[in-house]
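**Q** Take a look and give me a structure for this.
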Amino acid sequence: MGEGTSRNIVLTGFSYTGKTRVGRAVAEKLGWTYVDTDDEIVRLAGKPIPDIFGQDGEERFREYERDVLRRVCVEKEHVISTGGGAVVNATNREIMMDSGVVVCLEAQPATIYARLRKDAEENPGQEIRPLLQHPDPLKRIEYLKSVRQPYYDLCDWAVHVDNLSVEEAADEVIRGWRYGARGRPTTPVLPAASESDAPYCQEKGAACVVKTATESYPVFVGWDNLDGLGGRMRNAGLAGQAYVISDDSVFPIYGDSLVGQLKDSGFSVDSFAVPHGELSKSFDTAQRLYDWLVEQRGERGDSIVALGGGVVGDLAGFVAATFLRGIAFVQVPTSLIGMVDSSIGGKVGINHPRGKNLIGAFYQPRLVLSDVQTLDTLPARELVSGWAEVVKHAMIRDADLLELLSERAGELARLEKQMTTRVVSRSAAIKAAVVSRDEKESGLRTILNYGHTIAHGLEAATSYERFLHGEAVAIGMMGAAMISERLGMVNRTVVDAQRDILERLGLPVSFSDVSADAILRAMALDKKVRDERVRWVLLSGVGKPTIRDDVPPDLVREALGALMRS
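**A** Here you go, the predicted structure:
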């Protein structure tokens with residue numbers, strides 16, 4: 001669907017995010033027709049919206065809303081502003097997405113509340129807004145927005161309007177439309193860097209930029225680019241003392257070279273190598289690192305550089321987040337799973353004996369630098385393990401990536417330079433796009449847990465000693481796909497396609513000699529459990545994840561049985 005054939009722009013978002021004013025500005029810039037569905041509902045019903053709710057009830061209002069959407073969304077070259085709750089209804093979402101590009105205007109609850117109060121003060125004669133009739137309007141806004149957020153996150157593009165003028169927000173909507181008009185992306189598209197993003201917009205070669213509500217940082221992916229780390233760090237505003245945290249497998253290979261080039265870039269450098277493996281993600285190891293930093297007289301202006309795989313990144317990031325209430329840190333992943341997943345998005349933490357990653361924080365790095373060539377020295381089993389996260393990204397967000405993996409599996413297994421760098425960059429960009437829209441896993445980011453429910457249970461049930469994380473995720477993805485099929489959400493073709501690519505990349509799709517009861521007990525302690533209900537990430541198709549908390553326990557046990565080898 002080219003820019004000239006994209007029919008409409010549909011705006012959604014919470015009340016007071018500016019849909020009316022921004023929508024009119026977008027329509028004026030494009031020379032299109034502007035439509036407000038609330039105005040159309042009033043015309044259709046012949047009475048104001050408060051009267052519809054008061055006299056006819058919300059259900060009747062929602063019927064009017066669907067009728068109006070069906071009518072206006074078949075038009076062409078319209079900018080359509082919808083009510084804040086319209087997107088919650090599945091039929092409405094289908095109508096809106098079939099109509100054109102759906103753009104969500106996002107704002108923090110405090111911004112929404114401030115605008116609501118200002119409107120009430122400037123228009124004292126109007127009826128009191130329902131939200132202001134609540135004893136704690138801000139709390140009510142926070143609650144309602146949290147309920148709707150997973151539906152807002154399904155849109156093609158999001159514009160954060162807190163600090164934007166109407167004109168700036170309109171320009172961002174049009175930019176999102178131009179991306180979406182090329183065909184609905186299976187991966188959210190990150191906003192391009194601008195002059196206001198300095199120093200990141202000056203960085204060349206970044207595969208993507210993570211932009212959250214709290215931080216903005218580049219992710220570099222290249223071949224033989226490790227020697228550029230010092231310059232990248234200085235461009236990011238870092239200087240002074242750098243503490244390199246690595247493990248006893250990675251540091252002997254890359255440590256001396258990295259320390260040397262950081263010193264050449266003007267940094268004072270000290271280093272610490274922990275034992276490799278998942279067991280280092282512990283309170284004991286973190287305590288040793290705290291003791292070391294205290295002995296080195298670490299200061300808040302210093303930096304930690306995490307050189308290694310996911311374990312080192314999680315551990316070093318957790319220490320950085322908590323030492324002196326937080327010091328800067330840089331991710332330099334040397335494992336595939338680190339490059340495409342754990343180094344991006346700011347999840348840092350350590351394990352508890354009763355559960356994986358139960359102790360941690362969201363703490364963003366200042367930059368991520370991945371040298372794909374370092375995968376050459378990765379043990380074969382660890383390399384293979386990392387492909388599980390790449391497959392996961394394809395299954396939940398990018399059907400084209402799944403096809404590419406299937407077509408080029410041989411080249412990837414051989415770590416062919418160009419193709420491997422391309423796939424790592426693409427997978428990293430998927431992760432970056434998701435976490436940019438949902439920094440702290442309140443909505444969209446939950447989809448990144450596809451396969452992880454069973455995986456974390458399997459890891460904990462075996463004391464983190466038997467399976468590498470990617471191996472457990474591969475098995476967990478097969479379990480999630482089987483559950484999806486048994487619930488009638490996908491057909492066997494999707495399950496078989498996932499199994500085929502996992503096996504071709506050398507990943508396990510079953511397990512043996514582990515008690516199903518032990519896995520179920522560990523799953524009950526997982527972070528994804530809410531109100532004692534396990535939140536599953538399942539599939540409605542490739543690139544179509546769905547969050548469910550109503551999976552019958554018998555079905556879970558059945559899936560675990562199917563995963564067990566005799």
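**Q** quick one: low-confidence parts of the stretch 351-500 of the chain?
**A** Across the stretch 351-500 of the chain, the ranges flagged by pLDDT under 70 are 442.
**Q** rerun that using 90 as the cut-off
**A** Along the stretch 351-500 of the chain, segments meeting pLDDT under 90 span 351-358, 397-400, 433-447, 460, 463-465, 469.
**Q** What segments of it are strands?
**A** 355-362, 368-371 (DSSP state E, counting those that start in this stretch).
**Q** so F323 makes contact with Y290?
**A** Yes - under the criterion of Cβ atoms under 8 Å, F323 makes contact with Y290 at 6.3 Å. Glycine gets a C-beta too; all of them are placed from N, C-alpha and C.
**Q** And these two? Which one has more around it.
**A** Taking other Cβ atoms under 10 Å, F323 and Y290 do not tie; F323 has more neighbours (20 against 14).
**Q** Need the three-state assignment for the more buried one.
**A** helix (DSSP: H, G, I helix; E, B strand; the rest coil).
**Q** pLDDT-wise, which helix or strand of this protein ranks last?
**A** strand 529-530 (a mean of 52; mean pLDDT, DSSP states H and E).
**Q** Given the helix or strand that that strand is followed by, what are its sheet partners and their directions?
**A** Where DSSP states H and E defines the elements, the next helix or strand beyond strand 529-530 is strand 533-534. Sheet pairing of strand 533-534 (DSSP bridges) gives strand 529-530 (antiparallel).
**Q** mind giving me the domain ranges of this protein?
**A** Domain segmentation of the chain under automatic domain parsing yields 8-185, 201-386, 450-563.
**Q** want to try JSON lines for these, with distance to G410 as columns?
**A** Shown next, in JSON lines, are those (distance: least, Cβ to Cβ, whole Å):
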{"stretch": "domain 8-185", "distance to G410": "28"}
{"stretch": "domain 201-386", "distance to G410": "14"}
{"stretch": "domain 450-563", "distance to G410": "9"}
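**Q** So which of those is nearest T420?
**A** domain 201-386 (5.7 Å; Cβ to Cβ).
**Q** Least confident of the domains of the chain, on average?
**A** Least confidently modelled of these is domain 8-185, at a mean of 85 by mean pLDDT.
**Q** How far away from the center of its chain is that domain?
**A** With Cα atoms, centre = their mean, to the nearest Å as the basis, domain 8-185 stands 24 Å off its chain's centre.
**Q** mind listing what A455 touches?
**A** When contacts are counted by Cβ atoms under 8 Å, 6 or more residues apart in numbering, A455 touches H469, A472, V473, I475, G476.
**Q** Just put the residues you listed in TSV and tack on neighbour count and distance to V166.
**A** TSV is the format used below for the contacts of A455 (neighbours: other Cβ atoms under 10 Å; distance: Cβ to Cβ, whole Å):
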residue	neighbour count	distance to V166
H469	26	46
A472	28	49
V473	32	44
I475	25	50
G476	25	46
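**Q** Now for those: which two are most distant?
**A** H469 and I475, at 11.0 Å, using Cβ to Cβ across those.
**Q** which other helices and strands contact the longest helix along the chain?
**A** Longest helix of the chain, by residue count under DSSP state H: helix 417-437. Contacts defined by 3 or more Cβ pairs under 8 Å, 6 or more residues apart in numbering; DSSP states H and E place helix 417-437 against strand 206-211, strand 216-222, strand 368-371, helix 380-397, helix 399-407, helix 409-413.
**Q** how much space between the nearest residue to A107 once chain neighbours are set aside and R115?
**A** Sequence neighbours aside, T17 is the residue nearest to A107 in space, at 4.7 Å (criterion: Cβ to Cβ, 6 or more residues apart in numbering). Per Cβ to Cβ, to the nearest Å, T17 is found 8 Å from R115.
**Q** Great, nothing more from me.
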